[in-house]
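**Q** show me how the following folds:
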Amino acid sequence: IAALYVKHEEIAKAADYFAKAVAADPQRRDLTRRIADCWSELYQWDKAAATLEAYLQNRDLGPADAEALFELGEVYAQAGKPTLAAERKKRAFDLLARAVGKAGSKGAEVQLQLTLAQLCSAEEQHEKALGYVVVAQQLDPDDNRKLLLLAAAYKRVQNWAEAAATLLKYAEKAPSPLAAAGLAIEVAACQEAAGQADAAAATREKAKALLLKIADSAQNDSAKAAIHIELGEMALARNQPKAAIELFLEALRLDPKQALAHLHLGQC
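**A** Numbering: from 1, shown residues only. Model prediction:
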């Protein structure tokens, strides 16, 4: 019932039913955090803080509680209580820092490093966050998805060359041609930001070739039209309106109901 009220944006009623669920099963501590989320969504910061404090009290806190503590710090910051906010956030970082190297398994250690990176990013400490993501990727080099997290961390510190190189490494195992094309577009943007104009142009041409190949093999006209719109948007972003017009017109020929193509034609 609470989930349905959340879905229909009746948040106060959702909080009430989450509370009833906790009363029915006190072991479901996770539901207490859902109550706090409800109060935060309603900007009832004091109620959200009190709920999280109740969630954390009478426990021997460990690294698994760090995210809830950090969330409590964020709530106190919204409530205009910076001292309490700083105390709770510091405690969250301390819990995680003390656990580094003692997690007991590679998977747990990786998650610990990623949680530290997440909290550092939330505090806009992007250099520190990058360091934790680097360690996580080194601990689990076989998980290709870690490369995406690493590329995002490089972007946040505006190290565009490393971001491009990391995305290229990830692209070696891209799951599909469409994913490879999307990655190529992203790599080109990073290369351009890094001042690698020639490399960016070459990568962008590779992306176009991949998309055109996908369009040729697409089973229906709507899919082909969507790809031509993507190509048109790329041309428009490069300030090439004449090339973009041809692509948007082809998209409309394939699928006349593509309203987005009309909008872009107006821009061109």
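
**Q** for the strand or helix carrying Glu162, name the packing helices and strands.
**A** In this structure, Glu162 sits in helix 160-171 according to DSSP states H and E. Contacts defined by 3 or more C-beta pairs under 8 Å, 6 or more residues apart in numbering; DSSP states H and E place helix 160-171 against helix 145-156, helix 177-193. Where C-beta positions appear, they are placed from N, C-alpha and C, glycine not excepted.

**Q** tell me which of the ones you listed lies nearest to Gln240.
**A** helix 177-193 (14.1 Å; C-beta to C-beta).

**Q** buried residues in that closest one?
**A** 180-193 (16 or more other C-beta atoms under 10 Å).

**Q** same deal with stretch 192-208?
**A** If you call a residue buried by 16+ other C-beta under 10 Å, then stretch 192-208 has these buried ones: 192-194, 196, 199-200, 203-204, 206-208.

**Q** now for the residues you listed: which two are most distant?
**A** Ala194 and Lys208 (20.4 Å).

**Q** low pLDDT regions in the stretch 151-268 of the chain?
**A** Of all residues in the stretch 151-268 of the chain, none has pLDDT under 70.

**Q** quick revisit: so which of the buried residues of helix 177-193 is the closest to His8?
**A** Using C-beta to C-beta, these come closest to His8 at Gly182, 34.1 Å.

**Q** so what's the closest one closest to, chain neighbours aside?
**A** Closest residue to Gly182 apart from its sequence neighbours, by C-beta to C-beta, 6 or more residues apart in numbering: Ala207 at 8.0 Å.

**Q** secondary structure element for the one you found?
**A** Going by DSSP H and E, Ala207 is part of helix 197-217.

**Q** which other residues reach the helix holding Glu162?
**A** 144, 147-148, 150-152, 154-155, 180, 183-184, 186-187, 190-191, 193-194, 196, 199 (C-beta atoms under 8 Å, 6 or more residues apart in numbering).

**Q** kindly recompute the last result at 6 Å.
**A** Residues outside helix 160-171 that contact it (C-beta atoms under 6 Å, 6 or more residues apart in numbering): 144, 147-148, 150-151, 154-155, 180, 183, 186-187, 190-191, 193-194.

**Q** ok, and the closest non-adjacent residue to Ala54?
**A** Closest to Ala54 by C-beta to C-beta, 6+ apart is Thr32, at 6.7 Å.

**Q** the one you found and Gln57 touch, don't they?
**A** No - with contact defined as C-beta atoms under 6 Å, Thr32 does not count as touching Gln57 (10.8 Å).

**Q** ok, those two, which is more surrounded?
**A** Thr32 (20 against 8; other C-beta atoms under 10 Å).

**Q** dihedrals phi and psi, that one?
**A** phi -60, psi -40 (degrees, to the nearest 10).

**Q** what of Ile245?
**A** Per degrees, to the nearest 10, the backbone of Ile245 is at phi -60, psi -50.

**Q** list the contacts of it.
**A** Applying C-beta under 6 Å, 6+ apart, we find Ile245 in contact with Cys268.

**Q** how near is it to Ala24?
**A** The gap separating Ile245 from Ala24 is 62 Å, by C-beta to C-beta, to the nearest Å.

**Q** for Leu96, same thing?
**A** Counting by C-beta to C-beta - Leu96 and Ala24 are separated by 33 Å.
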